[in-house]
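# Show me the folded form of this:
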Amino acid sequence: MNVPLSAELKPYIADFQVAWDQISIQPSNVGQYAVGVYPNLSLLSPAGNIAGAQELAQKAESDWAAALQKK
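Below you'll find the model as predicted:
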């Protein structure tokens, strides 16, 4: 970052690390419903094609199970 604010923050974030609970390590072959931020809320209606949270959770769980079986 090359903005004045970043110069001001630099002394405070020199050793910044993402917290362990913010890191998600996924299998490389995980499906579209489980990839990225979990759960991927952008897939829910009206932005996406999934009607509700329960359906999204089921699809994500299926993707995870399939990816872990293929390893």
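# Let me know the pLDDT of the residue lying closest to residue 44 once chain neighbours are set aside.
Counting by Cβ to Cβ, 6 or more residues apart in numbering, residue 44 lies nearest to residue 50, which is 5.4 Å off, once chain neighbours are set aside. Bear in mind the C-beta positions are built from the backbone N, C-alpha and C, glycine included. According to the prediction, residue 50 has pLDDT 93.
# so residue 50 touches residue 42, yeah?
No - judged on Cβ atoms under 8 Å, residue 50 makes no contact with residue 42 at a distance of 9.9 Å.
# The two - which one has more neighbours?
Legend: neighbour count by other Cβ atoms under 10 Å for residue 50 and residue 42, higher for residue 50 (21 against 10).
# The more buried one and residue 4: what is the separation?
Using Cβ to Cβ, to the nearest Å, one obtains 42 Å as the distance from residue 50 to residue 4.
# Only C-alpha atoms, please: export stretch 9-18 in PDB.
Once non-C-alpha atoms are left out, stretch 9-18 reads as follows in PDB (Å, rounded to 0.1, in the frame of the first residue of the first chain):
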ATOM      1  CA  LEU A   9       0.000   2.200  10.500                       C
ATOM      2  CA  LYS A  10       3.300   0.500   9.400                       C
ATOM      3  CA  PRO A  11       4.900   0.700  12.900                       C
ATOM      4  CA  TYR A  12       1.900  -1.000  14.500                       C
ATOM      5  CA  ILE A  13       1.500  -3.800  11.900                       C
ATOM      6  CA  ALA A  14       5.100  -4.700  11.100                       C
ATOM      7  CA  ASP A  15       4.600  -8.300  12.500                       C
ATOM      8  CA  PHE A  16       0.900  -8.700  11.600                       C
ATOM      9  CA  GLN A  17      -0.300 -12.200  11.200                       C
ATOM     10  CA  VAL A  18      -3.800 -13.500  10.400                       C
END
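# Okay, buried residues for the lengthiest helix in the chain please.
For the chain, the longest helix by residue count, based on DSSP state H, is helix 53-70. Neighbour counts over helix 53-70 (16 or more other Cβ atoms under 10 Å) mark 56, 59-60, 63-64, 67 as buried.
# any idea which helix or strand carries residue 8?
helix 4-9 (DSSP states H and E).
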